[in-house]
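In: have a look at this fold, sequence not included:
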């Protein structure tokens with residue numbers, strides 16, 4: 001119900017979708033729930049003096065900081081472009097996700113330290129029914145928040161919200177260990193909290209590591225393979241487009257992608273015709289995939305006699321060498337053959353392999369035409 005309210009307020013899945021509003025409302029909602037848990041457990045601590053309840057209250061207070069980090073990150077990531085940052089500030093969202101992920105990672109290591117200490121130095125665990133009830137209630141609330149944040153985080157591709165979801169899930173496991181350990185010790189006298197704690201700690205550490213890995217991947221520049229393949233297929237549906245190559249997409253935030261690519265068109269089209277085709281494609285692809293797109297035109301089909309020999313030789317190579325997918329930008333200038341060769345990255349293991357292909361192609365062309373060559377290798381990643 002709350003999730004639907006927030007998504008509706010942010011006009012989710014419409015042309016007017018407001019990711020900032022959705023992310024902000026979600027973070028504020030999480031902050032309110034955490035602060036309510038802090039107040040509730042703080043009051044119970046004052047009346048019961050239960051250390052377990054106090055520890056859980058402090059943990060909820062730390063979670064409130066995560067909500068604030070996410071909220072501030074969302075606000076900063078939507079600062080308009082300026083002179084120093086002409087592509088906007090969207091990557092700040094990844095940084096805030098990294099901070100929350102670090103919290104999870106640190107929590108895992110702290111918990112494993114405590115767990116090892118409990119194995120070496122077992123302590124008497126006080127069975128307190130009220131504490132168990134309070135912590136069970138906290139587990140239910142945190143489990144709800146886990147799914148709530150994960151649901152909205154996935155819908156709007158917000159990594160900080162997904163990071164908070166995993167943070168809450170780690171809280172669920174930590175608190176569950178405390179509850180289970182108290183119950184088992186009460187009825188069996190067994191000290192299992194340290195051993196179970198280590199298992200849970202490993203899960204928390206891995207969860208934090210996995211989220212940090214995902215965030216770094218986005219910051220470094222991860223290729224959206226499916227999206228790139230779909231864009232290429234859509235462009236090739238246009239009658240006058242003979243080929244697509246040199247596609248490159250740069251991400252400056254979850255909703256700010258810049259795409260550049262080259263398209264091959266018949267050489268005998270007029271400049272006006274070529275412009276109209278490219279303009280139509282840019283509007284179509286930009287609107288459909290929410291990207292800023294720039295297209296470079298390569299006219300093909302007109303070759304000199306020597307260039308035709310190069311094209312035919314390369315066609316033969318594509319047939320016999322599975323590493324080579326295609327070629328483009330073939331021309332001869334000042335006695336030098338220029339050619340771009342597209343290779344299948346899955347069939348290339350080391351950089352030396354690329355040089356082998358470059359040398360192989362260059363030697364074949366130079367031998368055939370007795371000219372120098374300059375071969376550019378393009379790696380096809382999807």
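Out: Received it, and whenever you're ready, just let me know what you need. Because the structure is predicted, anything quoted here is derived from the model rather than measured.
In: what does the strand or helix carrying residue 7 contact?
Out: If you go by DSSP states H and E, residue 7 is part of helix 2-9. By C-beta atoms under 8 Å, 6 or more residues apart in numbering, the residues outside helix 2-9 that reach it are 13, 21, 22, 25, 26, 29, 148, 151, 152, 155. (C-beta placed from N, C-alpha, C; glycine too.)
In: in JSON lines: the residues you listed, plus distance to residue 286.
Out: As requested, these are exported to JSON lines (distance: C-beta to C-beta, whole Å):
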{"residue": "13", "distance to residue 286": "19"}
{"residue": "21", "distance to residue 286": "24"}
{"residue": "22", "distance to residue 286": "23"}
{"residue": "25", "distance to residue 286": "29"}
{"residue": "26", "distance to residue 286": "28"}
{"residue": "29", "distance to residue 286": "34"}
{"residue": "148", "distance to residue 286": "33"}
{"residue": "151", "distance to residue 286": "29"}
{"residue": "152", "distance to residue 286": "26"}
{"residue": "155", "distance to residue 286": "22"}
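In: mark which of the residues you listed are buried, thanks.
Out: 21, 22, 25, 26, 29, 148, 152, 155 (16 or more other C-beta atoms under 10 Å).
In: so how far is residue 264 from residue 257?
Out: Distance, residue 257 to residue 264, by C-beta to C-beta, to the nearest Å: 23 Å.
In: what residues sit buried inside whichever strand or helix holds residue 185?
Out: Assigned by DSSP H and E, residue 185 falls within helix 159-188. Across helix 159-188, burial judged by 16+ other C-beta under 10 Å covers 159-179, 181-182, 184-185.
In: one step back: just the closest of the contacts of helix 2-9 to residue 302, please.
Out: Nearest to residue 302 among the contacts of helix 2-9 is residue 13, at 46.7 Å by C-beta to C-beta.
In: who's in contact with that closest one?
Out: Residue 13 sits in contact with 7, 155, where contact means C-beta under 8 Å, 6+ apart.
In: just to be sure, it is in a strand?
Out: No: under DSSP: H, G, I helix; E, B strand; the rest coil, residue 13 falls outside any strand and is assigned coil.
In: that one and residue 7, how far apart?
Out: In terms of C-beta to C-beta, residue 13 sits 8 Å off from residue 7.
In: cool, and residue 179?
Out: Distance from residue 179 to residue 7, by C-beta to C-beta: 33 Å.
In: picking up where we left off before, so which of the buried ones among the contacts of helix 2-9 sit within helices?
Out: 21, 22, 25, 26, 29, 148, 152, 155 (DSSP state H).
In: which residue, neighbours along the chain excluded, lies closest to the third one?
Out: What that stands for is residue 25. residue 6 (4.6 Å; C-beta to C-beta, 6 or more residues apart in numbering).
In: sorry, back to before: the ones in helices among the buried ones among the contacts of helix 2-9: which two are farthest apart?
Out: Among those, 21 and 148 lie farthest apart (C-beta to C-beta), at 16.5 Å.
In: wait, what's in contact with residue 31?
Out: 64, 67, 68, 71.
In: what helix or strand is it located in?
Out: Secondary structure (DSSP H and E) places residue 31 in helix 19-48.
In: which stretches in the chain count as strands?
Out: With DSSP state E as the criterion, the chain has strands at 243-251, 257-266, 291-300, 324-333, 336-344, 372-380.
In: I'd like these as TSV, with mean pLDDT appended.
Out: What follows is these, written out as TSV (pLDDT from 0 to 100):
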stretch	mean pLDDT
strand 243-251	88
strand 257-266	92
strand 291-300	92
strand 324-333	89
strand 336-344	90
strand 372-380	88
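In: where does pLDDT dip in the chain?
Out: Counting by pLDDT under 70, the chain shows low-confidence ranges at 45, 48-56, 125-127, 349-352, 381-382.
In: so the residue nearest to residue 248 when sequence neighbours are not counted versus residue 110, what's the distance?
Out: Ranked by C-beta to C-beta, 6+ apart and with sequence neighbours excluded, the top spatial neighbour of residue 248 is residue 260, at 5.2 Å. Shown here: residue 260 relative to residue 110, a distance of 46 Å by C-beta to C-beta.
In: likewise for residue 221?
Out: Plainly put, residue 221 is 33 Å away from residue 110 if you go by C-beta to C-beta.
In: try residue 369
Out: Going from residue 369 to residue 110 by C-beta to C-beta gives 68 Å.
In: more neighbours: those two, which one.
Out: Legend: neighbour count by other C-beta atoms under 10 Å for residue 369 and residue 110, higher for residue 369 (17 against 13).
In: contacting residues around the closest residue to the more buried one other than its chain neighbours?
Out: Nearest non-adjacent residue to residue 369, counting by C-beta to C-beta, 6+ apart: residue 306, 5.8 Å away. Residues near residue 306 by C-beta under 8 Å, 6+ apart: 332, 369, 371.
In: now render those as a markdown table, adding distance to residue 359.
Out: Shown next, in a markdown table, are the contacts of residue 306 (distance: C-beta to C-beta, whole Å):
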| residue | distance to residue 359 |
| --- | --- |
| 332 | 19 |
| 369 | 16 |
| 371 | 16 |
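In: I figured residue 236 hits residue 230, correct?
Out: No: between residue 236 and residue 230 there is no contact under C-beta atoms under 8 Å: 10.9 Å.
In: so the residue lying closest to residue 282 once chain neighbours are set aside bridges to which residues?
Out: Excluding its sequence neighbours, the residue lying closest to residue 282 (C-beta to C-beta, 6+ apart) is residue 293, at 5.0 Å. Residue 293 forms beta bridges with residue 259, as assigned by DSSP bridges.
In: number of nearby residues for residue 293?
Out: 21.
In: hmm, residue 260 and it touching each other?
Out: Yes: under the criterion of C-beta under 8 Å, residue 293 is in contact with residue 260, at a separation of 7.5 Å.
In: contacts only, for residue 309.
Out: 368, 369.
In: quick one: it from residue 297, how far?
Out: 25 Å.
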